[in-house]
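S.K.: The sequence isn't on hand, but the structure is:
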């Protein structure tokens, strides 16, 4: 394995993912916390202020920012799609793949799911008071490397784009 803690390379039919044991340990802890947040009836969580705690519903609202032109449209969106947005099943599937022996070859669908779950974990960790920004950057790096590996598979040659700005002539 290379010196990096996480790598994603395109292979036939998917993406080869390699992770160090230390990276897997940290990732599993983050995914465990995400599952806890997505589990109804879970405890309260401390965020940016050490003296305050928030309930699960408030935390989900902060993780999933405004999606509409107004707060009531966003609230309606969250209410309609709460089950899908806070579904622990994708997180459980990513955890199961991380727990197994490496290296791992992800299908395209699994790689897409990993990108979504890393985005959710990133959104969660950005809310914490004593957030370890290395975690936030690690989630972003995983997403970036997976996207790059997928792009090579799905778009091996980008079309040539010739853009001419005629407004400045």
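M.R.: In hand now; what should we look at? Values in this document were obtained by computation on a predicted structure and should not be read as measured data.
S.K.: What are the contacting residues of the top helix by length along the chain?
M.R.: For the chain, the helix that runs over the most residues, judged by DSSP state H, is helix 133-154. If you take C-beta atoms under 8 Å, 6 or more residues apart in numbering as the criterion, helix 133-154 is touched by 5-10, 14-17, 23, 26-27, 30, 108, 111-112, 114-115, 118-119, 121-122, 125-126. Backbone N, C-alpha and C define where each C-beta goes, glycine included.
S.K.: From these, list just the buried residues.
M.R.: Buried members of those, scored by 16 or more other C-beta atoms under 10 Å, are 5-8, 10, 14-17, 23, 26-27, 30, 111-112, 114-115, 118, 121-122, 125-126.
S.K.: Out of the residues you listed, which sit inside strands?
M.R.: 6, 7, 8, 10, 14, 15, 16, 17 (DSSP state E).
S.K.: Need the pLDDT of residue 112.
M.R.: At residue 112, the pLDDT value in this model is 92.
S.K.: Show me the shaky parts of the protein.
M.R.: For the chain, residues meeting the criterion pLDDT under 70 lie at 1-3, 41-58, 61, 65, 67-68, 129-132, 153-169.
S.K.: Pick out the residue closest to the middle of it.
M.R.: Nearest to the geometric centre of the chain sits residue 118, at 1.7 Å (C-alpha atoms, centre = their mean).
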